[in-house]
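>>> This is the structure alone, sequence omitted:
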C-alpha cells in the first residue's frame with residue numbers, strides 16, 4: 001500500500017496546491033474563487049489534521065510510549081494553524097486582501113516548517129515503529145470523512 005511518509009507527504013502537496021490557488025485568487029481580488037478555493041483548502045487541512053490526530057499520533061504514541069515528544073509539538077503547531085485558518089476565513093469572507101495575504105504568508109511559513117519536520121522526522125519514525133500496521137493505519141486515515 002505504500003509508506004506513511006508517501007501517503008501523508010502526498011496529502012501535504014495536495015493541501016499546498018489548494019493553498020496556492022486560493023492565495024492567487026485572493027491576490028487577484030477574485031473573491032468568489034478565493035472563497036470557494038479557501039473552503040476546499042480549509043476542508044483538506046481539517047481532514048489532514050484529523051488523519052494525524054485521530055489515527056497516526058495515537059498509534060505512534062501507543063507504540064513508543066511517548067506522548068510528550070514529536071506528536072505533542074505537531075499538535076501545538078496544528079492549533080496555531082487552526083487559529084490562522086479561522087482568521088483567514090474572516091479575511092476572505094470580508095474580501096480583505098491585505099489581511100488575507102498577510103495571514104497567508106504566516107501560515108505558509110508555519111506549514112512549510114511543520115511539513116519538513118513531519119516528512120523528515122515523524123513520518124519516517126512512524127514507518128519504522130508502525131511498519132507492521134502501516135497498511136491498516138493508512139486505510140484508517142483514508143476512511144476518515
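Structure received. Every value quoted in this text rests on a predicted model; they were computed, and no experiment measured them. Numbers count the residues shown, from 1 in each chain.

>>> any idea how far residue 78 lies from residue 43?
15 Å (C-beta to C-beta, to the nearest Å). Any C-beta I mention is one placed from the backbone N, CA and C, and that applies to glycine too.

>>> Then residue 137?
According to C-beta to C-beta, residue 137 stands 22 Å off from residue 43.

>>> The protein: strands as residue ranges?
Counting by DSSP state E, the chain forms no strands at all.

>>> Low-confidence stretches in it?
Of all residues in the chain, none has pLDDT under 70.

>>> hmm, back to that, tell me which of residue 137 and residue 43 has more neighbours.
Shown here are residue 137 and residue 43; by other C-beta atoms under 10 Å, residue 137 has more neighbours (20 against 12).

>>> ok, so what distance separates that one from residue 17?
For residue 137, the distance to residue 17 - C-beta to C-beta - is 24 Å.

>>> Same question for residue 109.
17 Å.

>>> for residue 132, same thing?
Counting by C-beta to C-beta, the gap from residue 132 to residue 17 is 32 Å.

>>> Equivalent analysis for residue 105, please.
17 Å.

>>> Equivalent analysis for residue 125, please.
On the measure of C-beta to C-beta, residue 125 and residue 17 end up 26 Å apart.
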